[in-house]
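> With the input below, show me the fold.
(2 chains)
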Amino acid sequence: IKTYTIMIDVYGKCGQLARAFSLFYGMKRAGPKPNVITYNAMIAACARNNEPNVAYRVFKEMQTCGIRPDKFTYGSLIDSCAKGGHVERAFHISELMDQNGVAKDQTIYSALMDACGRAKQLDRALLVYEEMKRNAVWPNLITFSVLIDTCANARQPEKAFQLFSEIKHWGYPRANVVVYTALIDACSKGGWPERAERVMESMVANGIRPNEISFGALMDGWTREGQISRAFEIIERMVKVHRVLPNAVLIGGLIDASRRLKEPDRAKAIWSVVVKYNIRPS
RNA sequence: GGAUGAAAAUAGA
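Residues are numbered from 1 along each chain as shown, chains lettered A, B, ... in the order given. Below is the predicted model of the structure:
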């Protein structure tokens, strides 16, 4: 049964949901009976492959078979709602947990806040954050990255900084690269590219190395302000100073910026970046 | 102590 579960998990992670299901139903017919972990793996596979309705069906089915959902089950289900944009349903699942006496942990709260964040509902995410603290669940760095990302989506950079400053009060000496990158993204989306630059400086000063995603977020801030040249400078800088190579997403950002800003003459310069760094077009 | 759940950049679906 572990072998089956591992294979279902791996198929799910490779985007082969159909194969995961054929194993799953194969075992229901002829193999070992799926246990709670198998069901959880199947629901997680649906979540990852953006099939919230299918996830819910499997959830119902496991209960029909007399298997009690645990916090992993609920976590994956909420995640499926988050990724599918079904905020209301995510909260419904949260209520189901309360009704069934399953305690909500950091992961559950992050997934719930993530559902709010993707729907740009910052106020609601903050209510979840309050509930979490009331229930004595200690926030971790993922909690903060989700909250700050929600501020980015909701275009509330000042709130992002406020949350960022809370991190040290919870016993974390410093943030990690994901939290810093989310903060850069919040500045960029909020129209504060200069502050995004300063966030990157302070992350480097604190010994956290920016990666290509961090630079992508920073670049996005400048192109949103119409400054494509700054974006090219960032690419130079990331390679020369930080030893991080640009990837296809960065190039996509340049292409899209030149399209939005009606600067088609940038095309040659963009292509020369592709050639210079040997970037495989996506 | 072996299997399952949460976070970051462009565009698109």
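> near RNA strand B at all, stretch A:138-156?
Yes - residues of stretch A:138-156 contacting RNA strand B under CB under 7 Å from any atom of the strand: A:140-143, A:145-146, A:149, A:152. C-beta coordinates here come from the backbone N, C-alpha and C atoms, glycine included.
> Scan these and report the most crowded one.
Ranked by neighbour count (other CB atoms under 10 Å), those have A:Val146 at the top, with 28 neighbours.
> OK, contacts around that residue?
A:110, A:113-114, A:117, A:125 (CB atoms under 8 Å, 6 or more residues apart in numbering).
> Now with 10 Å, please.
Taking CB atoms under 10 Å, 6 or more residues apart in numbering, we find A:Val146 in contact with A:82, A:109-118, A:125, A:128-129, A:139, A:163, A:178-179, A:182.
> and the residue nearest to A:Trp222 when sequence neighbours are not counted, how many neighbours?
Closest residue to A:Trp222 apart from its sequence neighbours, by CB to CB, 6 or more residues apart in numbering: A:Arg230 at 3.8 Å. Using other CB under 10 Å, the number of residues around A:Arg230 comes to 16.
> before we move on, what about A:Gln106?
Neighbours of A:Gln106 (other CB under 10 Å): 14.
> can you check the one 5 residues further on too?
Other residues within reach of A:Ala111 by the criterion other CB under 10 Å amount to 27.
> Equivalent analysis for the one 3 residues further on, please.
Applying other CB under 10 Å, we find 24 residues neighbouring A:Asp114.
> again, but for the one 4 residues further on
Neighbourhood size, A:Arg118 [other CB under 10 Å]: 21.
> State the distance from it to A:Arg260.
23 Å (CB to CB, to the nearest Å).
> I'd like the distance between the residue nearest to A:Trp222 and RNA strand B.
According to CB to the nearest atom of the strand, to the nearest Å, A:Arg230 stands 14 Å off from RNA strand B.
> Quick one: name the residues of the stretch 1-150 of chain A near RNA strand B.
Checking the stretch 1-150 of chain A against RNA strand B by CB under 7 Å from any atom of the strand, the hits are A:1-2, A:5-6, A:9, A:35-38, A:40-41, A:44, A:47-48, A:70-76, A:79, A:82-83, A:105-108, A:110-111, A:114, A:140-143, A:145-146, A:149.
> Let me see the ranges of the helices in the stretch 1-150 of chain A.
Applying DSSP state H, counting those that start in this stretch to the stretch 1-150 of chain A gives helices spanning A:2-13, A:17-29, A:36-48, A:52-64, A:71-84, A:87-99, A:106-118, A:122-134, A:141-153.
> Throw those into CSV and include distance to A:Pro193, thanks.
CSV is the format used below for those (distance: least, CB to CB, whole Å):
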stretch, distance to A:Pro193
helix A:2-13, 36
helix A:17-29, 39
helix A:36-48, 33
helix A:52-64, 35
helix A:71-84, 28
helix A:87-99, 30
helix A:106-118, 22
helix A:122-134, 21
helix A:141-153, 13
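> Turn those into TSV, columns for mean pLDDT.
Converted to TSV, the helices of the stretch 1-150 of chain A look like this (pLDDT from 0 to 100):
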stretch	mean pLDDT
helix A:2-13	93
helix A:17-29	93
helix A:36-48	96
helix A:52-64	95
helix A:71-84	96
helix A:87-99	95
helix A:106-118	96
helix A:122-134	96
helix A:141-153	97
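> Nearest to A:Met200, out of the ones you listed?
Of all the helices of the stretch 1-150 of chain A, it is helix A:141-153 that lies closest to A:Met200, at 14.6 Å by CB to CB.
> buried ones in whatever helix or strand comes next after the closest one?
Once helix A:141-153 ends, the next helix or strand along the chain (criterion: DSSP states H and E) is helix A:157-166. Of all the residues in helix A:157-166, those buried under the rule 16 or more other CB atoms under 10 Å are A:157, A:159-161, A:163-164.
> Point out the other helices and strands that helix A:157-166 packs with.
Contact analysis of helix A:157-166 by 3 or more CB pairs under 10 Å, 6 or more residues apart in numbering; DSSP states H and E lists helix A:122-134, helix A:141-153, helix A:177-189, helix A:193-205 as its packing neighbours.
> what about 8 Å?
Applying 3 or more CB pairs under 8 Å, 6 or more residues apart in numbering; DSSP states H and E, one finds that helix A:157-166 contacts helix A:141-153, helix A:177-189.
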